[in-house]
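S.K.: Need a 3D model of the following:
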Amino acid sequence: MQYRAYRFPCEHPVVVSHHGERLPAQIINISNEGARLSGLGGLAPGERLRLELGQGCPVMQAEVRWTRGTLAGLRFDAPLAPRDLALIRRSVASGTGVAAKAWNLQLRELR
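M.R.: Modelled structure (predicted):
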């Protein structure tokens, strides 16, 4: 059985390019292999997205693996570098933190 990489909780704003539009969204957990995206509806498994992770981080290409309402599980085309993962995690440390009520513990990302 293959396990996925640990997902770190976060509240990181991103800009998503989808069908020629640039839309704001938020990553609510992340690993070097993928992320859970919140704030975009109308996505379907198999769709391709371009994620602008912010200053100092690369632009990532990702595939939508699952969706549920405005949540989506993403798998990056190439692993996120440890330095970039640390930058995103560090940006969360200065924020308010993840609100426990926002978590849906019934969700499970698929590989």
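
S.K.: quick one: buried residues of stretch 19-35?
M.R.: Buried residues in stretch 19-35, counted by 16 or more other C-beta atoms under 10 Å: 25-35. For every residue, glycine as well, the C-beta is placed using N, CA and C.

S.K.: First residue to last residue on it, what's the distance there?
M.R.: From its first residue to its last, stretch 19-35 covers 20 Å (C-alpha to C-alpha, to the nearest Å).

S.K.: So what touches the worst-scoring helix or strand of the chain on mean pLDDT?
M.R.: In the chain, the helix or strand scored least confidently by mean pLDDT, DSSP states H and E is helix 82-93, which has a mean of 78. Helix 82-93 is contacted by residues 8-12, 27, 30-32, 53-54, 56-58, 98 when judged by C-beta atoms under 8 Å, 6 or more residues apart in numbering.

S.K.: Can I get that helix in CSV, CA atoms only?
M.R.: Taking C-alpha atoms only, helix 82-93 is exported to CSV below (Å, rounded to 0.1, in the frame of the first residue of the first chain):
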residue,chain,number,x,y,z
PRO,A,82,11.3,21.7,0.1
ARG,A,83,12.3,25.4,0.1
ASP,A,84,9.0,26.4,-1.5
LEU,A,85,7.0,24.2,0.8
ALA,A,86,8.7,25.8,3.8
LEU,A,87,8.0,29.3,2.4
ILE,A,88,4.3,28.5,2.2
ARG,A,89,4.2,26.9,5.6
ARG,A,90,6.1,29.9,7.1
SER,A,91,3.6,32.3,5.6
VAL,A,92,0.9,30.6,7.6
ALA,A,93,2.8,31.0,10.9
